[in-house]
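[1] how would this look folded up:
(chains A and B)
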Amino acid sequence: RKEVEQDPGPFNVPEGATVAFNCTYSNSASQSFFWYRQDCRKEPKLLMSVYSSGNEDGRFTAQLNRASQYISLLIRDSKLSDSATYLCVVNMNYGGSQGNLIFGKGTKLSVKP
Amino acid sequence: DGGITQSPKYLFRKEGQNVTLSCEQNLNHDAMYWYRQDPGQGLRLIYYSQIVNDFQKGDIAEGYSVSREKKESFPLTVTSAQKNPTAFYLCASSPGLNNEQFFGPGTRLTVL
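    Predicted coordinates:
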């Protein structure tokens, strides 16, 4: 199983649609989870951290399911400006020692008028 | 403004030449990282440093070298031993290994 795995997409959705991305991770001891957004030919930017209780930031909702080892990102009322690649990021924990963040390859979202 | 800067934005070099990419941060972060991204691919970790005067190899360190003489600076040298150096290079920093990382704008290196 890959350390962090995402559906590469692309997800093509109309404006106003609700879209959800899932990401699975292999290390059951992982403690830190994030979603990043990367626009074409730009650097990744932190979108939101993912907390155990789930968290919401405007139209964006992130959820963590530790039992099944996946995190999700829900985008409501999609805007054209949401078009980007969304990266799932998880820290690795080996033998009780918190390790580096591992970046998924990303899911591409394209929002159409 | 606090942030992380990389220079130059675009860099062209002839095959066989070493080249050094700059990365500076004024966020007072302990940890710094170098990643490589190829078209349509994910980020791959080259080197990282948790503290001044210490650094560790990432997944693809061969053909690269780094130094961390100051907390603010983490330059990356792409040596002639790197077989396919043309790529988008991203530098990042974080308070610690487990924390969210903040990225610089990247350097696009093209080796002719």
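[2] what does chain B put close to chain A?
    With the criterion set to C-beta under 8 Å from any C-beta of the partner chain, chain B comes near chain A through B:33, B:35, B:41-43, B:45, B:48, B:58, B:88, B:90, B:94, B:97-106. For every residue, glycine as well, the C-beta is placed using N, CA and C.
[3] is there any residue in stretch A:53-68 that contacts chain B?
    No. If you take C-beta under 8 Å from any C-beta as the test, stretch A:53-68 misses chain B, and the best it gets is 13.0 Å.
[4] tell me which residues of that stretch are tucked away?
    Residues of stretch A:53-68 classed as buried under the neighbour-count rule (16 or more other C-beta atoms under 10 Å in any protein chain shown) are A:60-64.
[5] and stretch A:41-51, by the same measure?
    A:43-44, A:47-48, A:50.
[6] which ChimeraX command selects the buried ones in the residues of chain B next to chain A?
    The ChimeraX selection below is limited to those of the residues of chain B next to chain A classed as buried (16+ other C-beta under 10 Å):
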select /B:33,35,42,43,45,48,58,88,90,94,97,98,99,100,101,102,103,104,106
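[7] run through the chain and note the low-pLDDT ranges.
    Defaulting to chain A. When residues are selected by pLDDT under 70, those of chain A lie in A:1, A:94-99.
[8] my bad, chain B
    B:1-2.
[9] how about the residues of chain A by chain B?
    With C-beta under 8 Å from any C-beta as the criterion, chain A comes near chain B at residues A:31-32, A:34, A:41-46, A:49, A:87, A:89, A:91, A:98-101, A:103-106.
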